[in-house]
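K.L.:
Below: sequence and its predicted model.
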Amino acid sequence: MYPLRRNRRLRTNESIRTLVRENIITPSDFLVPLFVVEGKGVKEEIPSMPNYFRLSLDNLEKEVKELWYMGLGAVLLFVKVPVNLKDNKGTEALNPDGLMQRAIKTIKNACPDMLVMTDVALDPYSSYGHDGIVEDGQIINDETTEVLAEMSISHALAGADFVAPSDMMDGRILTIREALEEEGLFNTGIMSYSAKYASAFYGPFRDALDSAPGFGDKKTYQMDPANRFEAIKETEMDIDEGADIVMIKPGLCYLDIVREIKNAVDVPVAVYQVSGEYAMVKAAAERGWLDHDAVMMEQLLAIKRAGANIIASYFAKDAVKLMS
Ligand SMILES: NCc1[nH]cc(CCC(=O)O)c1CC(=O)O
Ligand SMILES: [Mg+2]
């Protein structure tokens, strides 16, 4: 073929590189995770997540308006629940006047078109820091899915557009879908964390919400990082049960899974670039060991190239600022 084919011709300068580029990152790729806390005027930096904050409702409102102005139109909400409100069954999760429910209303009042997705899992509400109800040291599956369904209804009634179950109980998508239908909430979407691995990359997130498991680990419900075919099975089952969007989590270490699932399914695929992935880049950049912006964009692009239609990322604002 050489010299008829010289691949470097397509790399000669930025204009030709731009012209033939296969993937680009745009603001509409992002889903922005937000951490909400009680209080007024609160904007606390999360120690293991530099430049990322827990926000009280007043600051949440400001943040959401800023995101909207930047072209970021979708958020994923997490709440930090006061310790005295935690119990084994996550009772506070169903409080119609709870922090999550107020956060949803605050956003919808301030910015009605902002797409609001909510985390559905017991861990921030659980006195054990687990994603399910605990009995004799075990995480009970079916009772937990009933609570998750009630939680989903509560979020939907408060105004959530999508609920996002992140717990990995079996059958919870069907239980949630049926419960929403029964309540007439047939327009509420479900983004399922369908292939969620038992990963060590969630550490900073658990600091952010004070939600680390009080005993054991999450390996009896989250997936084994060694497994690949299981991710497809989990995802196909969630689609059959009624998931509108599926998600793979974490991102970077699991891009083989992302591509595999993208090729196998016909629903939008989301990828969560998790807290530990964010922390690694921030830490190395603080030491001057990596170029923050270049590494950030390379990682986001790799996630998109692997097949992500939606990227949940703590870098969303940093990335969009860099584009403008
Ligand atoms: N339901 C818990 C949940 N939802 C999202 C994350 C992690 C997100 C991140 O690390 O950024 C976790 C942590 C966990 O499973 O322990
Ligand atoms: Mg499953």
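P.N.:
Sure thing, it's come through. Numbering: from 1, shown residues only. Ligands and ions are numbered 1, 2, ... in the order given.
K.L.:
what's stretch 293-310 in contact with?
P.N.:
22-25, 29-31, 74, 245, 247, 251-252, 255-256, 258-259, 261-263, 268-271, 273, 277, 281, 284-285, 311, 313, 315, 318-319, 322 (CB atoms under 8 Å, 6 or more residues apart in numbering). Quick note: C-beta positions are derived from backbone N, CA and C, even for glycine.
K.L.:
filter the residues you listed to the buried ones?
P.N.:
The neighbour-count test (16 or more other CB atoms under 10 Å) applied to the contacts of stretch 293-310 identifies 25, 29-31, 74, 245, 247, 251-252, 255, 258-259, 261-262, 269-271, 273, 277, 281, 285, 311, 313, 315, 318-319 as buried.
K.L.:
Could you pick out which of the residues you listed are located in helices?
P.N.:
255, 258, 259, 261, 262, 277, 281, 285, 318, 319 (DSSP state H).
K.L.:
Contacts only, for the fifth one.
P.N.:
So that's residue 262. For residue 262, the contact set (CB under 8 Å, 6+ apart) comprises 269, 306, 307, 308.
K.L.:
Return the residues of the stretch 151-300 of the chain in contact with ligand 1.
P.N.:
166, 167, 202, 205, 206, 218, 274, 275 (CB under 6 Å from any ligand atom).
K.L.:
Most neighbours among those, please name it.
P.N.:
The residue in those with the most neighbours, by other CB atoms under 10 Å, is residue 274 (26 neighbours).
K.L.:
All the strands of the stretch 51-200 of the chain, in order from the start?
P.N.:
With DSSP state E, counting those that start in this stretch, the ranges of strands along the stretch 51-200 of the chain come out as 74-79, 115-120, 133-135, 138-140, 162-165, 189-196.
K.L.:
got those strands as CSV, with mean pLDDT columns?
P.N.:
Output for the strands of the stretch 51-200 of the chain, formatted as CSV (pLDDT from 0 to 100):
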stretch, mean pLDDT
strand 74-79, 98
strand 115-120, 98
strand 133-135, 98
strand 138-140, 98
strand 162-165, 98
strand 189-196, 98
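K.L.:
Hmm, residue 146 is touching residue 175, no?
P.N.:
Yes: between residue 146 and residue 175 there is a contact under CB atoms under 8 Å: 6.7 Å.
K.L.:
between those two, who's got more neighbours?
P.N.:
Using other CB under 10 Å as the criterion, residue 146 and residue 175 rank with residue 175 on top: 23 against 14.
K.L.:
Mind telling me which residue of the stretch 1-150 of the chain is nearest ligand 1?
P.N.:
residue 121 (3.5 Å; CB to the nearest ligand atom).
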